[in-house]
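Engineer: I need the structure of the sequence given here:
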Amino acid sequence: MVEGTTGLNIKDYPFAFSIAALAFPNLLIGEANQVNILGILLIGGMIGSLLTIINPVGLIINWKYRRDYTEHIDYMLFPDFFPHLNQLIKKIIQKNFKSSLTSPAISFENNKIVGMIYFIIILLATIVRSFSPDFQNILNYDQTSLWSIIAVASAGLVGVVMVLLNHTLGINFKTNPIIIKKRRVMIHFHQSRVSQFDRIYCVTISNLALDFANLSGEGNKWNDSITKNQTIRSELLRRFLKINQSVKKELSELWTPGFSDFKSLLEVEDLEKWYSSNSVAWNSSTDLENLYLKYKAAKAISLRYKAGFAQTLCWFENLIFFNVVELYEMEQQLNNSIDSRDWYSAYLMQDRIKDKIDATLRHKNISELINESK
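Structural biologist: Okay, the predicted model is just below:
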């Protein structure tokens, strides 16, 4: 365990006290007294508390993943698809990738990496300090003890580095020979274990399944008498965009108009005539409120993912959505493996959800944006 049940990272304090002892070994020389003990406690406690609050190594790890993968994660997940053409889909994928980095499962694995890095620092510091006079003085310049410490620290360093590479990159140090003309030219290591990025990948897919299920639930609400017709739906989406453009111009992109403002901007009288010309029954007392709820939902989705409103409306352009029950069930199976830290099974299961998302988005063929002039 690297994280306590109270939220304190218990790896920080052993590291802090070890560094304090290695940095100031003279405090441990001679008879133990309250001043020496207080010195170690103060120095180690302050370092440990600072690391627990800030967690600098964990922040650096997450920053590196965000910097290296955020802009390309949509292509990495769906290389044969074109989710980058629609801003909403791209933003959904990026949001869930960033969310996965701070999820409990990935935070737990990151803490294991941080713990190994801390131990590597301690071992390196031990080897370096072994050659300093004050450290050797503690051992009474006994060369046997000194070199025994260096040997054990060096062996531990090699072992921890191997475990760290195995955990982060999936390298298990098995080798494959490269043979040319029946001669072994060289050997190389290969990845056969789940890497840290593979774990982030799995959690991202799990998060995506929940988001697409929720969005499909919103989309299914459009399959009613006043919006299921393709011609009517296209006209409503165009009018929704026109309302948003008016609000954006007068107030702010972040503003959602109230029901009375929405009704006036929608031009209800013209809308009633338009419904009548398309042979669709219209009930002003209920259908107008229904449309307002749909507009609010689309606006909320746009703001949630920081996607353009014209791009967000494309989600409702056709009524092809995910099977919500099926997607929830698949996500639950994947999440069970993630929660139990069975990453190999999770990595195998995430392919099913990814393929399902890819196939549905292809079938849906979501466009780039809704054009106000349509």
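
Engineer: so what's the closest residue to Leu210 other than its chain neighbours up against?
Structural biologist: Closest residue in space to Leu210, ignoring its immediate chain neighbours: Glu331 at 5.9 Å, by C-beta to C-beta, 6 or more residues apart in numbering. (Each C-beta comes from the backbone N, C-alpha and C, glycine too.) With contact taken as C-beta atoms under 8 Å, 6 or more residues apart in numbering, Glu331 is in contact with 206, 209-210, 213, 353.

Engineer: can you do 6 Å?
Structural biologist: Counting by C-beta atoms under 6 Å, 6 or more residues apart in numbering, Glu331 makes contact with 206, 209-210.

Engineer: adding secondary structure and distance to Leu271, write these out as TSV.
Structural biologist: Shown next, in TSV, are the contacts of Glu331 (DSSP: H, G, I helix; E, B strand; the rest coil; distance: C-beta to C-beta, whole Å):
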residue	secondary structure	distance to Leu271
Ser206	helix	41
Ala209	helix	37
Leu210	helix	35
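
Engineer: show me what the helix or strand hosting Thr312 is packed up against.
Structural biologist: According to DSSP states H and E, Thr312 maps onto helix 309-312. Based on contacts counted as 3 or more C-beta pairs under 6 Å, 6 or more residues apart in numbering; DSSP states H and E, the elements that helix 309-312 packs against are helix 87-101, helix 284-305.

Engineer: how far does that helix sit from the chain's center?
Structural biologist: How far helix 309-312 lies from its chain's middle: 23 Å, per C-alpha atoms, centre = their mean, to the nearest Å.

Engineer: ok, stretch 290-302 next?
Structural biologist: For stretch 290-302, the distance to the chain centre is 27 Å (C-alpha atoms, centre = their mean).

Engineer: alpha carbons of it, as CSV, please.
Structural biologist: Extracted in CSV, the C-alpha atoms of stretch 290-302 (Å, rounded to 0.1, in the frame of the first residue of the first chain):
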residue,chain,number,x,y,z
ASN,A,290,-40.5,20.3,-24.5
LEU,A,291,-38.4,22.2,-27.0
TYR,A,292,-37.0,24.5,-24.4
LEU,A,293,-35.9,21.5,-22.3
LYS,A,294,-34.1,20.1,-25.4
TYR,A,295,-32.4,23.5,-26.0
LYS,A,296,-31.3,23.7,-22.4
ALA,A,297,-29.9,20.1,-22.6
ALA,A,298,-27.9,20.9,-25.8
LYS,A,299,-26.6,24.1,-24.3
ALA,A,300,-25.5,22.3,-21.1
ILE,A,301,-23.7,19.6,-23.2
SER,A,302,-21.9,22.4,-25.1
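
Engineer: which parts of the stretch 51-200 of the chain are helices?
Structural biologist: Secondary structure of the stretch 51-200 of the chain by DSSP state H, counting those that start in this stretch: the helices cover 56-69, 73-77, 87-101, 104-129, 133-138, 143-169, 196-220.

Engineer: indicate which one of the ones you listed is closest to Ala298.
Structural biologist: Of all the helices of the stretch 51-200 of the chain, it is helix 196-220 that lies closest to Ala298, at 8.1 Å by C-beta to C-beta.

Engineer: which secondary structure elements does the closest one contact?
Structural biologist: With 3+ C-beta pairs under 6 Å, 6+ apart as the test, helix 196-220 has helix 87-101, helix 104-129, helix 324-339, helix 343-364 packed against it.

Engineer: check which residues of the longest one are buried.
Structural biologist: The one in question is helix 104-129. 105-107, 109-119, 122-123, 125-127, 129 (16 or more other C-beta atoms under 10 Å).

Engineer: for the residue positioned nearest the centre of the chain, which non-adjacent residue is closest in space?
Structural biologist: Nearest to the mean C-alpha position of the chain, by C-alpha atoms, centre = their mean, lies Ser100 at 2.3 Å. For Ser100, ignoring the flanking residues on the chain, the nearest one in space by C-beta to C-beta, 6+ apart is Val203 at 3.8 Å.

Engineer: domain assignment for the protein?
Structural biologist: Domain ranges of the chain: 1-54, 196-364, per automatic domain parsing.

Engineer: please identify the most buried of those domains.
Structural biologist: Comparing the domains of the chain on average neighbours per residue, with mean count of other C-beta atoms under 10 Å, the densest one is domain 196-364 at a mean of 17.
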